[in-house]
Every structure is written in structure tokens, then in C-alpha cells.
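Colleague: I'll drop the sequence and a predicted model, then ask my questions.
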Amino acid sequence: MMAATGEDSRALFGAGVRAALEAWPALQIAVENGFGGVHSQEKAEWLGGAVEEYFFRNADLELDEVEDFLGELMTNEFDTVVEDGSLPQVSQQLQTMFHHFQRGDGAALKEMASHITQRKCKVRATAVTTARETDEDDADSVEEMEVTAMNDGETTDGVCLQPESSGPDSQTIKEEDIVEDGWTIVRRKK
């Protein structure tokens, strides 16, 4: 009976990992736009198993180690540098789920995965290429991403509106500023 419970917890942890990754806007955008090549969807599915295995092989991970691992996977597999502040949030979700798994708390794992799935929103990114005003050379064109979030069919301005606040860990994008060198700064509400 004990082994079946352990296997059930492991399956619940795996489902929770996949729910967290599927709800992660940075990964959604990378897959939708083919940043990982023609096999982006397969890479995203593989990513869930890779993250799950990473936790099982390294039982006492620190939050920054999880962030580094996810960031490295996104860079290597999807050619994407995640700078929207979501890495710590997703890493914390994964680490919390793993702690529930270690304690054998299947009910908390189910609840957390369900909560993540309910909060999931669809995002769509489109590339916008603009030329700099100071130089008309094509080599200086800047590619920006315009992000649109969808929550139950409603389009928002890059923000997934949540039905309720989920506490101090809740983070939403507040505004975007274009600075002089062409970078976009995205700030979070604190």
C-alpha cells in the first residue's frame, strides 16, 4: 500500500509540474512562436519530465538553483532569455509542490495543480520590427514583442486578470517603458 501511495504522489507531482509549465506565459510564447524550432511543442512536453527528474535527483534544491535550471533550459532549448520576473514565481511553485511531494501530501499537490490550472491564461505574442530613427540602416532594426493575454476569452493589455488575489506572491505586469537603447522594461505591481 505504501508504494502505491508513493507512486500516486509522484504522478500528482508530475501533473503539478506540467500544470505550472503550461501556465507559464514565457514558455507559452516560446512554444507558440516556434522559438525551439519545429519541435517546440515536443520540447515543452519533454521539459516537464526533465524538471520532474531534476527534482528527484536533487532533493534539497535551493530556489536560485531551480531558477538557474529553468533559465538554462529556456535558453538552450527555446533560445529565450526570460527576463519578465516569472522565473522566481514558477520556481517557487515547483519547489512548493516538491515539498508537498516529499511529505506525501497528495491533497495539497492536487489543490495546488488545480489552482494553477484555474489561473492559467492564454498569451499571444507578435513580433513588431521597428527601425531606429537615428539610422536608416537595416542592420539597426529592433524586434520587439507585443504580448496579448487572454483570460476566458477576454483580451487584456498583456495582463492576465485573476478572479481573486493570491496573496503576496501574486505578480502582474503594470506597465511597459521603452528606454533609449531599444529595450523594454516591464515592471510588476508590488
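Modeller: Received it, and whenever you're ready, just let me know what you need.

Colleague: now for residue 81: which residues touch it?
Modeller: When contacts are counted by Cβ atoms under 8 Å, 6 or more residues apart in numbering, residue 81 touches 71, 74-75. Placement of C-beta: from N, CA and C, glycine included.

Colleague: gap between it and residue 74?
Modeller: From residue 81 across to residue 74, the span is 7 Å (Cβ to Cβ, to the nearest Å).

Colleague: same question, residue 109
Modeller: Relative to residue 74, and taking Cβ to Cβ, residue 109 is found at 24 Å.

Colleague: how about residues contacting stretch 38-45?
Modeller: Under Cβ under 8 Å, 6+ apart, the answer for stretch 38-45 is 21-22, 27, 30-31, 34, 36-37, 77-78.

Colleague: between those, which sits nearest residue 52?
Modeller: residue 21 (9.9 Å; Cβ to Cβ).

Colleague: how about the one helix or strand the closest one maps to: buried residues?
Modeller: When elements are assigned from DSSP states H and E, residue 21 belongs to helix 2-22. By neighbour count with 16 or more other Cβ atoms under 10 Å, helix 2-22 contains the buried residues 9, 12-22.

Colleague: for it, name the packing helices and strands.
Modeller: Using 3 or more Cβ pairs under 8 Å, 6 or more residues apart in numbering; DSSP states H and E, the elements in contact with helix 2-22 are helix 40-57, helix 86-103, helix 106-119.

Colleague: so what touches whichever helix or strand residue 77 is part of?
Modeller: Assigned by DSSP H and E, residue 77 belongs to helix 63-78. Residues from elsewhere that reach helix 63-78 (Cβ under 8 Å, 6+ apart): 26-27, 30-31, 35-36, 40, 43, 47, 50-51, 54, 58, 80-82, 87-88, 90-92, 94-95.

Colleague: before we move on, back to that, any chance of the helices and strands packed on helix 2-22 in TSV, plus mean pLDDT?
Modeller: Listed next are those as TSV, based on pLDDT from 0 to 100:
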stretch	mean pLDDT
helix 40-57	94
helix 86-103	94
helix 106-119	85
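
Colleague: of those, flag the one that's most buried.
Modeller: helix 86-103 (a mean of 19; mean count of other Cβ atoms under 10 Å).

Colleague: export it as PDB, just CAs?
Modeller: The C-alpha coordinates for helix 86-103 follow below in PDB (Å, rounded to 0.1, in the frame of the first residue of the first chain):
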ATOM      1  CA  SER A  86       8.400  34.900 -13.900                       C
ATOM      2  CA  LEU A  87      11.300  32.600 -13.200                       C
ATOM      3  CA  PRO A  88      11.300  33.000  -9.400                       C
ATOM      4  CA  GLN A  89       7.500  32.600  -9.300                       C
ATOM      5  CA  VAL A  90       7.400  29.400 -11.400                       C
ATOM      6  CA  SER A  91      10.500  28.100  -9.500                       C
ATOM      7  CA  GLN A  92       8.700  28.800  -6.100                       C
ATOM      8  CA  GLN A  93       5.600  26.900  -7.300                       C
ATOM      9  CA  LEU A  94       7.700  23.900  -8.400                       C
ATOM     10  CA  GLN A  95       9.700  23.900  -5.200                       C
ATOM     11  CA  THR A  96       6.500  24.100  -3.000                       C
ATOM     12  CA  MET A  97       5.000  21.200  -5.000                       C
ATOM     13  CA  PHE A  98       8.100  19.200  -4.400                       C
ATOM     14  CA  HIS A  99       7.900  19.800  -0.700                       C
ATOM     15  CA  HIS A 100       4.300  18.600  -0.700                       C
ATOM     16  CA  PHE A 101       5.500  15.500  -2.600                       C
ATOM     17  CA  GLN A 102       8.300  14.800  -0.100                       C
ATOM     18  CA  ARG A 103       5.800  15.000   2.800                       C
END
